[in-house]
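Chemist: just need the structure, nothing else, for what follows:
(one chain, ligands or ions: 1)
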Amino acid sequence: MNDNLKVQIKIKDTYRTYILLFLSFLKKSLMPVYSTACPRNCYSTCSFKVHVENNRIVNIDPHPANKSTPEGICIKGLSYVERAHSKDRILFPLKKNQKGNFDKMSWNEALDEISSKLKYFKEEFGPKSILFYAASGMSGLTNEFSSKFWELFGGATSMYGNLCWPAGLEAERLTLGDNKHNVPWDIENAKLIILWGKNPAETNIQQMIFIEKAQANGAKLVVIDPRRTPSSERADLLIQPKPGTDAALALGIANHLIQNNWIDQDFIDQNVLGFEEFKLSIFSYSLKKISLLTDIPEELIEELAYDIGNLKPMTLAPGYGMQRFTNGGQSTRSLLALSILSGNIGKPGACFHYANLQSYVFDNVKEPMSYYPEIASNPIFRRSISMAKLGKDMLSAKDPELKMIWVERGNPVTQNPDTNTILKAFRKLEFRVVIDQFMTDTAKEADIILPAKNMFEQTDIIGSYWNPYVQLKPKVLDTAGEVKTEPEIYYLLAQQLGHSKEEINKYIPDPGNEKIEDYLKARVKEFPELDWEKLKEKPDIAPGHQEIAFEDLKFNTPSGKIELYSIKAKEKWNVSPLPTYEPLVDEELSLKKKYPLQLLSPNTKNRIHSQFGNLNAIKQFSNGPEAIINASDAIKRGINDGDKIRLFNDRGELITKAKLNFSIKKGCVVYYNGWWLQEGGTPNLLSEGRETDMGYGSAFHDCLVEVEKNE
Ligand code: SF4
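Modeler: Down below sits the predicted model:
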């Protein structure tokens, strides 16, 4: 081929490429594009744009209007393209047969059987013989139709407490009077950032954008975590305390700040209640004592104390893992003391970055109060089953005993503490209904499974516990297969139970997305600052949102001040009015000798609790379940990398494979949260159902284990 011909072919190829690119651009630009938001229980609550073609999600782009998530979504978000149309999705009602397998059933059969059971249990044992369990699988205002159905039904037994973060929420509410923090992008203004038990590089990836900008501006990044994590790889200082000793570390630093006069005395004098009492109470927390308790060298504690006292402004961002120990509330109060003593509240770059509930404007009762049994919305509900103690409480429920469970938006078999007891409690019931998109471990326990909608199949409105936006999540796809949305399921079931349309409409709208949108439009109208049409285009800042939380120095506590000393903490939770360090319960029970290793079950970048792990898009990044062990702990036990091992304690066991390295502190084992039983086992096979010291949280991280080779 001569040179001239080669050049001509090259020009033609380039020309063809440009045409193809142009056509693909044209095709994409002609597709309907919708602004939406991720409704998972995840900090980021990303906004994004979905492209829809032939009733399929074909592309997902970032939505620049959300200043918190400008660069787009994570791998889980991208996997919505697969998740929405997965071949594994449950698309019609299923009924368990005698062999334990599931057969397809019609909606008529399903509604008929469920309504007959509901009537029978109600008449024979009362409505409270039915347990209504819902968790955080998908957020949205329309979730409230579930409890409205049970109200119409005449009541039910329901849950109190929460699996996630209430110990920390309550600690912050008692101390500052509210759960709010500065907008996510404000971290750029910090000169010191402390990620205390938080790993945003995996669990809140958009936060890293602002952390990295702050670092580029000269901020120091400190990570406090028993593990080396992708976040700690970017830090200037990593401190690896013994798990559960966070309060001891914080109180020791607080004492050092006071002794060296590295505190903001003016801020304390004007805004803080209980400083003198606090000062006296921590006087004995010497560096030496704290070093022994936390297993951190004194010099490192001193360096951290110096930074907190002298590098301003400081943003302290605790994760949620630390407060899932039995001492979680008091530990959070102890960390808060560091932000308070150093005057790092209510200023740009300075905040306690734990939870920001300012966008939950539609909630009448906000978290954590909404979890409390004594604040039941309606007395016809018996709020007696603890999220933390689900299995034990189900088994011990009396007057009436539980006969049936209804599960939605959750996977309690793997996600609540003490899986073995939960399975026992489920199997003791006479009837189980589960609504889900996939065949989870909980769905497998059901007698009837109803197919759940996905996030694209019904309009809803969501807030965020991290960013400041109210977001509209529109219906962009027709429901797949025979899927019905939950409000429609409730409507049809109420009809089947004999309620008239008028009665039902007092609680639940007629079926159809238009009716749902009418309901949501009316809710939006409650706020003149919000506009439905604008929300369709982009997220909007929540009415009344403070960009710099507490900048007015107004604190909604009984004294109107920041309460280092909280008499409410004593009255409500029977803890000291001051922040204290309390040893962990498993250790107090002298289990340490028998089970010397602390189990850590952190979240990973690939899952939101037990969601997403079943998708191929996610599986390709995973080696399957494994326990990460410090190599020196493993070698002592004759365990090599890749060996089959048994993790165990008195509560259960887990067979998995060992991964050895030095990234985690000696004395700890990591097994990630979210693995299903059918994938190899959940860490909750080993956890105990215990509540946290405040907030009715779940203290599943208080969990000692031993590990041995499984020949
Ligand atoms: S899971 Fe979290 S980070 Fe990922 S898309 Fe959803 S909100 Fe964003």
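Chemist: please report how far the residue in the stretch 451-600 of the chain that the ligand sits nearest to lies from residue 185.
Modeler: The shortest separation between the stretch 451-600 of the chain and the ligand is 8.5 Å, found at residue 464 (distances taken as C-beta to the nearest ligand atom). Just so you know, the C-beta spots here come from the backbone N, C-alpha and C atoms, and that holds for glycine as well. Computed with C-beta to C-beta, to the nearest Å, the distance linking residue 464 and residue 185 is 14 Å.
Chemist: the residue of the stretch 451-600 of the chain closest to the ligand: how many residues sit nearby?
Modeler: Using other C-beta atoms under 10 Å, the number of residues around residue 464 comes to 30.
Chemist: what sits against it?
Modeler: In this structure, residue 464 makes contact with 43, 44, 45, 68, 356, 359, 471, judged by C-beta atoms under 8 Å, 6 or more residues apart in numbering.
Chemist: quick check, nearest of those to the ligand?
Modeler: For the ligand, the nearest member of these is residue 44. The distance, counting by C-beta to the nearest ligand atom, is 3.9 Å.
Chemist: so for that closest one, what's the pLDDT?
Modeler: At residue 44 the predicted local distance difference test score is 95.
Chemist: start and end of stretch 361-379, how far apart?
Modeler: End-to-end distance for stretch 361-379, by C-alpha to C-alpha, to the nearest Å: 24 Å.
Chemist: for that stretch, buried residues please.
Modeler: For stretch 361-379, the buried set under the neighbour-count rule, 16 or more other C-beta atoms under 10 Å, comprises 361, 362, 367, 368, 371, 372, 373.
Chemist: is the fourth one in contact with residue 166, as I believe?
Modeler: Think residue 368. Yes - with contact defined as C-beta atoms under 8 Å, residue 368 and residue 166 form a contacting pair (4.0 Å).
Chemist: hey, what's in contact with both of these two?
Modeler: Between them, residue 368 and residue 166 share these contacting residues under C-beta under 8 Å, 6+ apart: 695, 696.
Chemist: on that earlier part again, using JSON lines, lay out the buried residues of stretch 361-379 together with pLDDT, distance to the ligand and secondary structure.
Modeler: As requested, the buried residues of stretch 361-379 are arranged in JSON lines below (pLDDT from 0 to 100; distance: C-beta to the nearest ligand atom, whole Å; DSSP: H, G, I helix; E, B strand; the rest coil):
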{"residue": "361", "pLDDT": "97", "distance to the ligand": "19", "secondary structure": "coil"}
{"residue": "362", "pLDDT": "96", "distance to the ligand": "19", "secondary structure": "coil"}
{"residue": "367", "pLDDT": "92", "distance to the ligand": "18", "secondary structure": "coil"}
{"residue": "368", "pLDDT": "93", "distance to the ligand": "22", "secondary structure": "coil"}
{"residue": "371", "pLDDT": "90", "distance to the ligand": "22", "secondary structure": "helix"}
{"residue": "372", "pLDDT": "92", "distance to the ligand": "27", "secondary structure": "coil"}
{"residue": "373", "pLDDT": "89", "distance to the ligand": "30", "secondary structure": "helix"}
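Chemist: ok, those residues vs residue 383, which is closest?
Modeler: Nearest to residue 383 among these, counting by C-beta to C-beta, is residue 373 at 4.2 Å.
Chemist: phi, psi of the nearest residue to residue 239 once chain neighbours are set aside?
Modeler: Across the structure, with C-beta to C-beta, 6 or more residues apart in numbering as the measure, the residue nearest residue 239 apart from its sequence neighbours is residue 224 (4.7 Å). Reported as degrees, to the nearest 10, the phi and psi values for residue 224 are phi -120, psi 110.
Chemist: the residue in the stretch 501-650 of the chain positioned nearest to the ligand and residue 143, how far apart?
Modeler: Nearest residue of the stretch 501-650 of the chain to the ligand (C-beta to the nearest ligand atom) works out as residue 608 at 5.5 Å. Distance of residue 608 to residue 143, computed by C-beta to C-beta: 16 Å.
Chemist: and residue 414, what helix or strand is that in?
Modeler: Taking DSSP states H and E as the definition, one finds residue 414 inside helix 412-415.
Chemist: residues contacting that helix, please?
Modeler: Contact partners of helix 412-415, identified using C-beta under 8 Å, 6+ apart, comprise 133, 135, 163, 390, 419, 422-423, 426, 440-442, 445, 609-610, 674-677, 682, 684.
Chemist: which strands and helices sit next to the helix or strand that it is followed by?
Modeler: For helix 412-415, the following helix or strand on the C-terminal side (DSSP H and E) is helix 419-428. Using 3 or more C-beta pairs under 8 Å, 6 or more residues apart in numbering; DSSP states H and E as the contact criterion, the secondary-structure elements in contact with helix 419-428 are helix 390-396, helix 412-415.
Chemist: which neighbouring elements make contact with the first one?
Modeler: Helices and strands touching helix 390-396, by 3+ C-beta pairs under 8 Å, 6+ apart, are strand 381-386, helix 419-428.
Chemist: is it possible to export the ones you listed to a markdown table including mean pLDDT, mean neighbour count and distance to residue 198?
Modeler: Rendered in a markdown table, the data for the helices and strands packed on helix 390-396 read as follows (pLDDT from 0 to 100; neighbours: other C-beta atoms under 10 Å; distance: least, C-beta to C-beta, whole Å):
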| stretch | mean pLDDT | mean neighbour count | distance to residue 198 |
| --- | --- | --- | --- |
| strand 381-386 | 94 | 21 | 26 |
| helix 419-428 | 98 | 18 | 26 |
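Chemist: what's the closest of the ones you listed to the ligand?
Modeler: With C-beta to the nearest ligand atom as the measure, helix 419-428 is the member of the helices and strands packed on helix 390-396 nearest the ligand (24.3 Å).
Chemist: what does the stretch 151-300 of the chain put close to the ligand?
Modeler: Residues of the stretch 151-300 of the chain found near the ligand (C-beta under 6 Å from any ligand atom) are residue 205.
Chemist: leaving out the residues flanking it, which one is nearest to the closest residue to the ligand within the chain?
Modeler: Taking C-beta to the nearest ligand atom as the measure, the chain has residue 77 as its residue closest to the ligand, at 2.6 Å. Excluding its sequence neighbours, the residue lying closest to residue 77 (C-beta to C-beta, 6+ apart) is residue 38, at 5.4 Å.
Chemist: do the same with residue 59
Modeler: residue 51 is the one closest to residue 59 (C-beta to C-beta, 6+ apart), at 3.9 Å.
Chemist: correct me if wrong: residue 485 contacts residue 455.
Modeler: No - in this structure, residue 485 sits apart from residue 455 without contact. The criterion is C-beta under 8 Å, and the distance is 11.3 Å.
Chemist: wait, is residue 280 part of a strand?
Modeler: No - counting by DSSP: H, G, I helix; E, B strand; the rest coil, residue 280 falls outside a strand, being helix.
Chemist: residue 531: which of the helices and strands packed on helix 390-396 is closest?
Modeler: Nearest to residue 531 among these is strand 381-386 (35.1 Å), distances taken as C-beta to C-beta.
Chemist: which elements pack onto that closest one?
Modeler: The contact analysis (3+ C-beta pairs under 8 Å, 6+ apart) places strand 381-386 against helix 144-153, strand 156-160, helix 390-396.
Chemist: chain center to it: distance?
Modeler: A distance of 22 Å separates the C-alpha centroid of strand 381-386 from that of its chain, computed with C-alpha atoms, centre = their mean, to the nearest Å.
Chemist: so what's the closest residue to residue 125 other than its chain neighbours up against?
Modeler: Distances taken as C-beta to C-beta, 6+ apart put residue 400 closest to residue 125, at 4.2 Å, once the chain neighbours are dropped. By C-beta under 8 Å, 6+ apart, the residues touching residue 400 are 125, 126, 128, 129.
Chemist: in helices only, show me those.
Modeler: Restricting the contacts of residue 400 to those inside helices, with DSSP state H as the criterion, leaves residue 125.
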